[in-house]
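> generate a structure from the sequence data that follows.
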Amino acid sequence: MAKRVIHELMPKFTEKVIDLVEDRCFKFEKQSKGLDERLLQATREHEHDFIIAMLRRAVSFVMLDVFLEKLEVENAELLYVQYPSMVEVYESIQDDSVDHDELDDVPRTGHGKLGMLGQ
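Next up, the predicted model:
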């Protein structure tokens, strides 16, 4: 019974809820079953893209510390020594976290810089 709920009923329920939300909130004239990503993308404005990029950078910035913490490494320099195979992953996250609009590359949020959250 649990397998049926997980693999059959829950996906059907999710699809119906998504269709209902799209119909009531967005009033799409033609929609397919399930999530209509193409139609939803068309509703985004320039500001949405800016906010999504800002959130992506902020999450990546926080993930740098979480990444090191999960590997039980004190800093990035030790990562190069202890886990050289993970350096590429760390650097990819780091590249994604850089905010080129800021002098120190630390991403900003609507309330200031992320680097100042713990202070």
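
> how about the strands in this structure?
Using DSSP state E, the strands of the chain run over 108-109, 112-113.

> could you tell me the least trusted of those?
For the strands of the chain, mean pLDDT drops lowest on strand 112-113, to a mean of 48.

> which strands and helices sit next to the longest helix anywhere in the chain?
Secondary structure of the chain per DSSP state H: the longest helix is helix 46-70. Here helix 46-70 touches helix 76-82, helix 87-97, strand 108-109, going by 3 or more Cβ pairs under 8 Å, 6 or more residues apart in numbering; DSSP states H and E. Backbone N, C-alpha and C define where each C-beta goes, glycine included.

> how far off helix 87-97 does it point, in degrees?
150 degrees (axes from the mean of the first three to the mean of the last three Cα atoms, to 10 degrees).

> buried stuff in helix 46-70?
Using 16 or more other Cβ atoms under 10 Å as the burial criterion, the residues of helix 46-70 that qualify are 54, 57-58, 60-61, 63, 67-68.

> ok, stretch 84-96 next?
90, 93-94.

> contacts only, for the nearest residue to residue 83 once chain neighbours are set aside.
Once flanking residues are discounted, residue 83 sits nearest to residue 71: 5.8 Å by Cβ to Cβ, 6 or more residues apart in numbering. Residue 71 is in contact with 79, 82-83, 86, counting by Cβ atoms under 8 Å, 6 or more residues apart in numbering.

> so which of those residues is the most crowded?
Within these, residue 79 tops the neighbour count with 19 neighbours, counted by other Cβ atoms under 10 Å.

> please tell me how far that residue sits from residue 63.
Distance, residue 79 to residue 63, using Cβ to Cβ, to the nearest Å: 13 Å.

> same question, residue 45
On the measure of Cβ to Cβ, residue 45 and residue 63 end up 27 Å apart.

> pretty sure residue 74 contacts residue 68?
Yes: using Cβ atoms under 8 Å, residue 74 is in contact with residue 68, at 7.3 Å.

> what residues go with each domain of the protein?
What automatic domain parsing lists as the domains of the chain is 2-42, 46-116.
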